[in-house]
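>>> got a predicted model here, sequence first, then my questions.
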Number of protein chains: 2
Amino acid sequence: MTRMDIQKIAQMAQVSRSTVSRVVNNQPDVHPEVRQRVLQIIRETGYQPNSAARSLRNKQSDILGLVICNTVGGLFTDPYFPQLTQGIAQSCNHYNKTLSLFLEGDPETIYPRLTRRGQLDGILLQVGNTDDTLVKKLMKTDIPFIVLGRPMQSGVSYIDVDNVSGGYLATLHLIRLKRQRIGAIHCSLLTTTGLDRKEGYLKALHERNIPIREELTAEGDYSEPSGYRAMLQILPHHPDAVFVGNDMMARGAIRAIQEAGLSVPNDIAVVGFDDLPPAVSASPLLTTIRQPISRLGACAVDILLDMIEHGPQPPQRVMMDVELVVRESSGERIA
Amino acid sequence: MTRMDIQKIAQMAQVSRSTVSRVVNNQPDVHPEVRQRVLQIIRETGYQPNSAARSLRNKQSDILGLVICNTVGGLFTDPYFPQLTQGIAQSCNHYNKTLSLFLEGDPETIYPRLTRRGQLDGILLQVGNTDDTLVKKLMKTDIPFIVLGRPMQSGVSYIDVDNVSGGYLATLHLIRLKRQRIGAIHCSLLTTTGLDRKEGYLKALHERNIPIREELTAEGDYSEPSGYRAMLQILPHHPDAVFVGNDMMARGAIRAIQEAGLSVPNDIAVVGFDDLPPAVSASPLLTTIRQPISRLGACAVDILLDMIEHGPQPPQRVMMDVELVVRESSGERIA
DNA sequence: TTGAAAGCGCTAACAC
DNA sequence: GTGTTAGCGCTTTCAA
């Protein structure tokens, strides 16, 4: 079957191209019978408008870009990214937008690919660390974009989960359980995620007048083995609880604790962050902070589409609530 | 800065649009001085050609589509997909192609999005199960596509890892270690992956005249908990080894074995499949089949681009080698 | 070596 | 309610 275009459809239906266009775009002012005839032919021929021509004419591609770069822990070890991507993809699908994916380490090479005129209507930007090169460059363009997670750079729209509150809730939970020596394994402090969760942890300790012990604190890179290593550092200082910056590291920490002959939660209570199925489901079931990853992605798309539709707006800041999910690893209240 | 187009650049450089176009596309027959002048202005203005106009004119979008749908185990639990996606994305980047992502369950809704004229130059199709609806539909179009993994449908180009050989190698390893009662936890048999790995397992047993015991076999869905449950089914029948269809399930199986008070590898040897970092790195270190996931993605892009460039070709079938990686979970040779 | 001009397929004034 | 027409920004004959 030869390639269809609007002209051919018009001829077959004995109407003008405009009329076909009107039918295709569901515009009024087409005689019902004519509309049916055109629709019928479109169906028969499997005609689909050429999207390049449409983009050119409409100055809109209906393509959104998702940039994931500079992630500290890597794309592989953390199920966070698949889940986020899935949330965004579903939302794009709902709005009949195409999603283009840009995975890369180097902002310099990714930038020109993002700014090809007419290629992308808007951009979702996941910046893994505090290097805001891409954010700064994008601010100079007229492409609407929204940052996923809190950027260091101010003056841009972003959407984030309330990481401070998450760290706070997790730590407070451990305090209420009467734990005395509450340690923390932080995500990289080069990320706002790491910074914010730590801030929540410190805030809770401070509020309850619990002294902060540096030696009960270590840093990981989001991966399971890094959680294991971090726990090994803390263990000699006899923590009775630990708040871990994400679930994967929490698993590693639990492994270290158990290998040291100690019990979770009896000897050491553990709270994670993320609530991602694969990390949570092992034994003991992980007490953790649930963040609405898919919803965050979906919400980001909503905001971005709004920005695209209504032009420049003051920077938006959206915060998604987190919640504590109590399972086994934090245990019962102790004497 | 007002939006640049080729016309404005031409005016500023005092040449015609054609000349600018020649410079942009690196064509010969432009006076060196003129070329420099134009290049200079392009640099100063940050001009980038409008990609919609280009696509329209060239009948090529430089966009590749990646479809991941109908996955049995879900996108979240299996690090396979991020790794594959990353391999593909890097390769696209190398060839300066844009990658569009289509994640969805329903072939009916995804199909029209894939076939928008002029939107996609070609498609990489990851079909999770034996439902080949999308493959069949795509065969009727003129869009080049390649299937990732072996499809049920014949007559299409695909690239796959040698799953049969993987199952065979894993099982043979266990046989050589003198294990007698070798069980298997299969991936869903609705996938060719599941089918092929099982075939390799059976082939090895058969070759060495080891009786096949149905009761030592169970099925999972690629997730950790499903491996755990499957192992629970097999355990009462006293296996002394088990080949597990992927690493995540292998982790679950190990957990079940250990909770039953048995040791890996002393009581039961375990071999997985995938060699994915998060699953492999826990204790005991997992013996597994390594498949070159990133390379498969990269290779798929190569083939697809070749198909796009050189038009219709007879279906290609490419097989990637796998290898056995021996670590701790399969243990030493026993008496 | 360069420029003029046609046209890729579509949409939206505008005129009828 | 329908058709005519003028571009959207680019590449590429073709002629100079």
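Noted; the coordinates are in hand.
>>> A:Phe145: how many residues sit nearby?
Counted with other CB atoms under 10 Å in any protein chain shown, the neighbours of A:Phe145 add up to 24. Using the backbone N, CA and C atoms, a C-beta is placed for each residue, glycine as well.
>>> show the pLDDT at it.
At A:Phe145, the model reports a pLDDT of 97.
>>> which residue packs closest to it, ignoring adjacent ones?
A:Ile123 (3.9 Å; CB to CB, 6 or more residues apart in numbering or on different chains).
>>> phi, psi of the one you found?
Phi and psi for A:Ile123, reported as degrees, to the nearest 10, are phi -130, psi 140.
>>> return the distance of A:Arg150 relative to A:Ser294.
19 Å (CB to CB, to the nearest Å).
>>> ditto for A:Gly200
Counting by CB to CB, the gap from A:Gly200 to A:Ser294 is 22 Å.
>>> A:Leu124 is in what secondary structure piece?
Assigned by DSSP states H and E, A:Leu124 falls within strand A:122-127.
>>> just how off-centre is that strand within its chain?
10 Å (CA atoms, centre = their mean, to the nearest Å).
>>> ok, now stretch A:124-138?
Taking mean C-alpha positions (CA atoms, centre = their mean), stretch A:124-138 and its chain are 14 Å apart.
>>> which parts of that stretch are buried?
For stretch A:124-138, burial by neighbour count (16 or more other CB atoms under 10 Å in any protein chain shown) applies to A:124-130, A:132-135, A:137-138.
>>> same question for stretch A:137-144.
For stretch A:137-144, the neighbour count (16+ other CB under 10 Å) marks A:137-138, A:143-144 as buried.
>>> A:Tyr222: which of these is nearest?
A:Leu138 (24.9 Å; CB to CB).
>>> quick check, the closest one in a strand?
No - the assignment for A:Leu138, made by DSSP: H, G, I helix; E, B strand; the rest coil, is helix rather than a strand.
>>> pretty sure it contacts A:Leu124?
No - A:Leu138 is beyond contact range of A:Leu124, at 11.3 Å (criterion: CB atoms under 8 Å).
>>> tell me where the stretch 151-300 of chain A has helices.
Per DSSP state H, counting those that start in this stretch, the stretch 151-300 of chain A carries helices over the ranges A:163-176, A:192-207, A:224-234, A:247-259, A:277-280, A:293-310.
>>> okay, now A:Arg179: neighbour count?
24.
>>> near DNA strand C, which residues of the stretch 1-150 of chain A?
Contacts of the stretch 1-150 of chain A with DNA strand C, taken as CB under 7 Å from any atom of the strand, map to A:3, A:5-7, A:17-18, A:21, A:24-25, A:49-50, A:53-54, A:56-58.
>>> swap in 6 Å and give it another go.
Residues of the stretch 1-150 of chain A found near DNA strand C, taking CB under 6 Å from any atom of the strand as the criterion, are A:5-6, A:17-18, A:21, A:24-25, A:49-50, A:53-54, A:56-58.
>>> give me the subset of those residues touching DNA strand D.
Checking these against DNA strand D (CB under 6 Å from any atom of the strand), the matches are A:17-18, A:56-57.
>>> who does the helix or strand bottoming out on mean pLDDT in chain A touch, helix- and strand-wise?
In chain A, no helix or strand scores lower on mean pLDDT, DSSP states H and E than helix A:277-280, which sits at a mean of 79. If contacts are counted by 3 or more CB pairs under 8 Å, 6 or more residues apart in numbering or on different chains; DSSP states H and E, helix A:277-280 sits against helix A:247-259.
>>> the helix it packs on near chain B anywhere?
Yes - for helix A:247-259 and chain B, the contact criterion (CB under 8 Å from any CB of the partner chain) is met by A:248, A:255, A:259.
>>> okay, angle between that helix and helix A:224-234 too, please.
With axes from the mean of the first three to the mean of the last three CA atoms, to 10 degrees applied, the angle from helix A:247-259 to helix A:224-234 works out at 50 degrees.
>>> packing partners of helix A:247-259?
Using 3+ CB pairs under 8 Å, 6+ apart: helix A:247-259 touches strand A:182-186, helix A:224-234, strand A:241-244, strand A:269-271, helix A:277-280.
>>> could you redo the last one with a cut-off of 10 Å?
strand A:182-186, strand A:217-219, helix A:224-234, strand A:241-244, strand A:269-271, helix A:277-280, strand A:288-290, helix B:277-280 (3 or more CB pairs under 10 Å, 6 or more residues apart in numbering or on different chains; DSSP states H and E).
>>> got JSON lines for those, with distance to A:Val325 and mean neighbour count too?
Converted to JSON lines, the helices and strands packed on helix A:247-259 look like this (distance: least, CB to CB, whole Å; neighbours: other CB atoms under 10 Å in any protein chain shown):
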{"stretch": "strand A:182-186", "distance to A:Val325": "18", "mean neighbour count": "27"}
{"stretch": "strand A:217-219", "distance to A:Val325": "24", "mean neighbour count": "21"}
{"stretch": "helix A:224-234", "distance to A:Val325": "18", "mean neighbour count": "23"}
{"stretch": "strand A:241-244", "distance to A:Val325": "14", "mean neighbour count": "32"}
{"stretch": "strand A:269-271", "distance to A:Val325": "9", "mean neighbour count": "29"}
{"stretch": "helix A:277-280", "distance to A:Val325": "8", "mean neighbour count": "21"}
{"stretch": "strand A:288-290", "distance to A:Val325": "5", "mean neighbour count": "25"}
{"stretch": "helix B:277-280", "distance to A:Val325": "21", "mean neighbour count": "21"}
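>>> just put those in JSON lines and tack on distance to DNA strand D.
Formatted as JSON lines, the helices and strands packed on helix A:247-259 follow (distance: least, CB to the nearest atom of the strand, whole Å):
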{"stretch": "strand A:182-186", "distance to DNA strand D": "47"}
{"stretch": "strand A:217-219", "distance to DNA strand D": "47"}
{"stretch": "helix A:224-234", "distance to DNA strand D": "47"}
{"stretch": "strand A:241-244", "distance to DNA strand D": "51"}
{"stretch": "strand A:269-271", "distance to DNA strand D": "54"}
{"stretch": "helix A:277-280", "distance to DNA strand D": "46"}
{"stretch": "strand A:288-290", "distance to DNA strand D": "46"}
{"stretch": "helix B:277-280", "distance to DNA strand D": "42"}
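>>> any idea how far A:Arg255 is from the spatially most central residue of chain A?
Most central in chain A under CA atoms, centre = their mean is A:Leu84, positioned 4.3 Å from the mean C-alpha point. The gap separating A:Leu84 from A:Arg255 is 26 Å, by CB to CB.
>>> that older thread, what subset of the residues of the stretch 1-150 of chain A next to DNA strand C is buried?
The neighbour count (16+ other CB under 10 Å) marks A:6, A:21, A:24, A:49-50, A:53-54, A:56 as buried among these.
>>> can you name the two of those that are farthest apart?
Greatest spatial distance among these (CB to CB): A:Val24 and A:Leu56, at 16.0 Å.
>>> related to what we said a few turns ago, now tabulate the buried residues of stretch A:137-144 in CSV and tack on distance to DNA strand D.
Output for the buried residues of stretch A:137-144, formatted as CSV (distance: CB to the nearest atom of the strand, whole Å):
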residue, distance to DNA strand D
A:Lys137, 20
A:Leu138, 20
A:Ile143, 15
A:Pro144, 18
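>>> over to A:Ile68. Which of the three states is it?
Classified using three-state DSSP, A:Ile68 is strand.
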